[in-house]
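**Student:** structure of the sequence below:
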Amino acid sequence: MNPVMIAMILALLIPMYEAWQDDDIWQKMLAFASIATKTSIMILMVSVLRDDWMIGVVGIIILSVGNAGLMLLAHLLKRMGNL
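**Tutor:** Presented below is the predicted three-dimensional model:
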């Protein structure tokens, strides 16, 4: 399972590089949403491997609430741009 986790971490670095390189706020927000999703999937994988449901609950909360907060921030920035 270590090679799978290493591959997931490498896949996590791709949106980080994209967010660092681009100045567009929407591209950065999409990259951060991708990072949050990939991180929560990694947490869920670790919780299954360790057979620890408490870690899995944290992964589910990050997966469901983390992206919702990011989308709320995107909507707020869009509204601020219309003023």
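**Student:** remind me which residues of the chain are low pLDDT?
**Tutor:** Counting by pLDDT under 70, the ranges of the chain that qualify are 70, 83.
**Student:** helices of that one, start to end?
**Tutor:** 2-21, 25-50, 53-61, 67-82 (DSSP state H).
**Student:** give me whichever of the ones you listed is most buried.
**Tutor:** helix 25-50 (a mean of 16; mean count of other C-beta atoms under 10 Å). From N, CA and C alone the C-beta is placed, and that goes for glycine too.
**Student:** report all helices and strands that it contacts.
**Tutor:** Here helix 25-50 touches helix 2-21, helix 53-61, helix 67-82, going by 3 or more C-beta pairs under 8 Å, 6 or more residues apart in numbering; DSSP states H and E.
**Student:** chain center to that helix, what's the gap?
**Tutor:** In terms of C-alpha atoms, centre = their mean, to the nearest Å, the centre of helix 25-50 is found 3 Å from the chain centre.
**Student:** what's the angle from it to helix 67-82?
**Tutor:** Following axes from the mean of the first three to the mean of the last three C-alpha atoms, to 10 degrees, one obtains 170 degrees for the angle between helix 25-50 and helix 67-82.
**Student:** nearest to Met45, of the helices and strands packed on helix 25-50?
**Tutor:** In terms of C-beta to C-beta, the element of the helices and strands packed on helix 25-50 nearest to Met45 is helix 2-21, at 7.4 Å.
**Student:** picking up where we left off before, mind putting the helices and strands packed on helix 25-50 into a markdown table with distance to Ser40?
**Tutor:** Below are those laid out as a markdown table (distance: least, C-beta to C-beta, whole Å):
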| stretch | distance to Ser40 |
| --- | --- |
| helix 2-21 | 11 |
| helix 53-61 | 5 |
| helix 67-82 | 9 |
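**Student:** which one of those helices lies closest to Lys28?
**Tutor:** Of all the helices and strands packed on helix 25-50, it is helix 2-21 that lies closest to Lys28, at 4.6 Å by C-beta to C-beta.
**Student:** how far is that closest one from where the chain is centred?
**Tutor:** Worked out by C-alpha atoms, centre = their mean, helix 2-21 lies 11 Å from the chain centre.
**Student:** what angle do that helix and helix 25-50 make?
**Tutor:** 160 degrees.
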